[in-house]
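Participant: Got a predicted model here, sequence first, then my questions.
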Amino acid sequence: KNPIPFHNKWFNDVGDTFAIKSPFYGYIVLTRDASVTKHMLQKNHKVYYKSKIQTTYLSKYVGYGLLTSSGDYWLKQRRLIQPAFHKEKINNLVSIIEVAIGSNVKNIKDDGLVDLYSIMNELAFDVVAKSLFNFSAEKDTLIRLQFIIEKLQLFIVKELRLPYKKLWYKLNGDINYHMKLVKESQDIINNVIEKRRQSKKEHDDLLDMLLKAEYEDGSTMTNKQLIDEILILFVAGHETTANSLTFTLKLLAEHENVLNKVEAEVKEIASNKLSALEEIKSLTYTMSCIEESLRLYPPAWITDRVNIEDDKVDDYFLKKGTILGASIYELHRNEKYWKHAEAFKPERFSKENKKDIMPYYMPFGAGPRLCIGNNFAMYEMVLAVSAIVKKFNISSDSKKIKINPLITLKPVDVKLKFTLKGHDK
Ligand code: HEM
């Protein structure tokens, strides 16, 4: 039910790389070693394909796009979509992101302890939605899309965790119900695309960029391809960020000294009246806090690949078809690489200290399949943390952070108290 203590016990008992035999998935090798992880994701990535978990099972519900495809099709799509996520392009999106964050932060209630995850989830969904379809979808449509995407994500986890119940889900109509939701979400996105194709206006959002993106032969994506990629961006981009914002704010509320430094930095930068982009670049300590939170609580806590040829890595021989899982959660807490690994120390990510630790830090993956939204996510999180601490004092009720490692690492039952700062009362 919770693989993290199981992984931890075996890593501690037998070493940083070990194999288990699963009745459903065959041999699985697990690692928390940086060089084995880099070998699979970067050095010899051509031999390592995404496993069925990330391709077949996920794509059944969220479509065949960047996250779920492999080989030549993936490369073609990555080359096409990458420019939309280059820093200069994300810079243009910053104002959309800032407005979406502003309206969400405005709705936070100064009202005792509240469930933090649901607030961050709304915020992160809204940011992706507005960045994709800036003002081109009705509020009710977005609410329905959010409902569907979250239902699908829950069901995917159920199917993966309890594979022996597949036949039961088929018989009791669960699979049918969720496939209908998939169709509904595709229709919703198709409508937005069609409207946009007919519109003469420039929207300067991701959808505009995706519609204009051209393959080498000058052709562009079909509606079906666009729908798949858009659904993937929703899935990959909102829950991960919501989890990380929740962990970050909780960590800040628990570490008063750190929170004070963030508040001081945010206050000083705000007085300089910078543009949102300049503000992000100046909030270096706030950025370090988010990086440290991503180390302790990486939303993509594990990633996996299957080798399509026999391979050797360090002293291990991996027979073709082995599932290799890299636990980013354990790698980020491996004492071999991190001093006081369990402690929250944002200073690790200061300009001077950073270069020594980067080889062991992979919250966004590594190699050619590195998260395409990493800059987007970091910009969004810096702006969100800054907007929140500018307006509110935050505090929490308990020290312990509970986690649930599903497809992403989810925070459990995090409550925070938001109290309006003097000038906003
Ligand atoms: C804190 C937030 C985020 C984290 C921790 C995160 C983490 C990751 C990781 C680890 C991967 C690589 C998975 C693998 O190699 O198996 C990945 C891939 C991906 N991410 Fe993110 N992500 C975040 C936010 C976003 C956002 C905001 C977007 C888009 C708006 C996004 C879109 C994607 C896509 C499309 C891929 C697949 C890339 C490919 O295979 O070419 N992510 N993400």
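Facilitator: Sure, I can see it. Just so it is clear, the model here is predicted, and its values are computed rather than measured. Numbering: from 1, shown residues only.
Participant: which residues in the stretch 51-200 of the chain form helices?
Facilitator: Defined through DSSP state H, counting those that start in this stretch, the helices belonging to the stretch 51-200 of the chain, from first to last, are 58-62, 71-81, 87-106, 116-132, 139-161, 166-171, 174-198.
Participant: contacting residues around residue 194?
Facilitator: Contacts here follow Cβ atoms under 8 Å, 6 or more residues apart in numbering; on that basis residue 194 touches residue 223. The C-beta positions use only the backbone N, C-alpha and C, and glycine is treated the same way.
Participant: Count the residues that sit near the nearest residue to residue 213 once chain neighbours are set aside.
Facilitator: Distances taken as Cβ to Cβ, 6 or more residues apart in numbering put residue 80 closest to residue 213, at 5.0 Å, once the chain neighbours are dropped. Residues contacting residue 80 under the criterion other Cβ atoms under 10 Å number 19.
Participant: now residue 9
Facilitator: Per other Cβ under 10 Å, the neighbour tally for residue 9 reads 10.
Participant: tell me the pLDDT at the residue nearest the centre of the chain?
Facilitator: In the chain, the C-alpha nearest the mean C-alpha coordinate belongs to residue 240, at 2.9 Å (Cα atoms, centre = their mean). Confidence at residue 240, expressed as pLDDT, is 97.
Participant: do the same with the one 3 residues further on
Facilitator: Model confidence at residue 243, given as pLDDT, is 98.
Participant: Please identify which helix or strand holds it.
Facilitator: For residue 243, the enclosing helix or strand under DSSP states H and E is helix 223-254.
Participant: Hey, what's the angle from that helix to helix 116-132? Just curious.
Facilitator: When axes from the mean of the first three to the mean of the last three Cα atoms, to 10 degrees is applied, the directions of helix 223-254 and helix 116-132 differ by 140 degrees.
Participant: residues in contact with the residue nearest to the centre of the chain?
Facilitator: Residues counted as contacts of residue 240 (Cβ under 8 Å, 6+ apart) are 299, 300, 377, 408.
Participant: change it to 10 Å
Facilitator: When the contact criterion is Cβ atoms under 10 Å, 6 or more residues apart in numbering, the partners of residue 240 are 124, 294, 298-300, 363-364, 371, 373, 377, 407-409.
Participant: And for residue 231?
Facilitator: With contact set as Cβ under 10 Å, 6+ apart, residue 231 has these partners: 61-65, 67-68, 145, 148-149, 152, 182, 185-186, 188-189.
Participant: Near the ligand, list only the ones from these.
Facilitator: Taking Cβ under 6 Å from any ligand atom, the overlap between the contacts of residue 231 and the neighbourhood of the ligand is residue 67.
Participant: The helix holding residue 243 vs helix 139-161, what angle?
Facilitator: Here helix 223-254 points in a direction 80 degrees away from that of helix 139-161 (the same axes, to 10 degrees).
Participant: to the chain's geometric centre, what's the distance from the very next helix or strand once past helix 223-254?
Facilitator: Per DSSP H and E, helix 223-254 leads on to helix 256-271 as the next helix or strand towards the C-terminus. Between the centre of helix 256-271 and the centre of its host chain there is 26 Å, according to Cα atoms, centre = their mean, to the nearest Å.
Participant: How about stretch 288-306?
Facilitator: In this view, stretch 288-306 has its centroid 9 Å away from the chain centroid, taken as Cα atoms, centre = their mean.
Participant: got the buried residues for that stretch?
Facilitator: By neighbour count, and taking 16 or more other Cβ atoms under 10 Å as the criterion, the buried residues in stretch 288-306 are 288-306.
Participant: Indicate whether stretch 400-417 makes contact with the ligand.
Facilitator: No - using Cβ under 6 Å from any ligand atom, stretch 400-417 stays clear of the ligand, with a minimum separation of 8.0 Å.
Participant: Can you get me the start-to-end distance on that stretch?
Facilitator: End-to-end distance of stretch 400-417 (Cα to Cα, to the nearest Å): 16 Å.
Participant: In it, which of the residues would be classed as buried?
Facilitator: 401, 403, 405, 406, 407, 408, 409, 410, 411, 414, 416, 417.
Participant: Check those and tell me the two furthest apart.
Facilitator: 407 and 417 (29.8 Å; Cβ to Cβ).
Participant: Check the chain for the residue nearest the ligand and tell me.
Facilitator: Ranked by Cβ to the nearest ligand atom, the top residue of the chain for proximity to the ligand is residue 373, at 2.2 Å.
Participant: so who does that residue touch?
Facilitator: 66, 85, 90, 128, 131, 233, 236-237, 240-241, 364, 379-380.
Participant: Point out the residues in the stretch 201-350 of the chain that sit beside the ligand.
Facilitator: For the stretch 201-350 of the chain, the contact set with the ligand under Cβ under 6 Å from any ligand atom comprises 232, 233, 236, 237, 240, 241, 244, 299, 300, 303.
Participant: For the residues you listed, give me TSV that also has distance to residue 342.
Facilitator: Output for these, formatted as TSV (distance: Cβ to Cβ, whole Å):
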residue	distance to residue 342
232	34
233	34
236	28
237	29
240	22
241	24
244	18
299	18
300	20
303	22
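Participant: which one of the residues you listed sits closest to residue 256?
Facilitator: Out of these, the one with the shortest distance to residue 256 is residue 244. That distance is 20.9 Å, counting by Cβ to Cβ.
Participant: Leaving out the residues flanking it, which one is nearest to that closest one?
Facilitator: residue 299 (5.3 Å).
Participant: Could you confirm the one you found falls within a helix?
Facilitator: No - with DSSP: H, G, I helix; E, B strand; the rest coil as the criterion, residue 299 is located in coil rather than a helix.
Participant: That one contacts residue 410, doesn't it?
Facilitator: Yes - assessed by Cβ atoms under 10 Å, residue 299 is found in contact with residue 410 at 8.2 Å.
Participant: most tightly surrounded among the helices of the stretch 51-200 of the chain?
Facilitator: Comparing the helices of the stretch 51-200 of the chain by mean neighbour count (mean count of other Cβ atoms under 10 Å), helix 116-132 ranks first with a mean of 23.
Participant: From the contact counts, what lies against that one?
Facilitator: In terms of contact count using 3 or more Cβ pairs under 10 Å, 6 or more residues apart in numbering; DSSP states H and E, helix 116-132 is assigned the packing partners helix 87-106, helix 139-161, helix 206-212, helix 223-254, helix 374-391, strand 409-412, strand 415-420.
Participant: what about the fourth one, distance to the chain center?
Facilitator: Going back to what we said before, that points to helix 223-254. 5 Å.
Participant: Kindly calculate the angle that that helix makes with helix 71-81.
Facilitator: 70 degrees.
Participant: how about helix 223-254: buried residues?
Facilitator: In terms of neighbour count (16+ other Cβ under 10 Å), helix 223-254 has its buried residues at 225-254.
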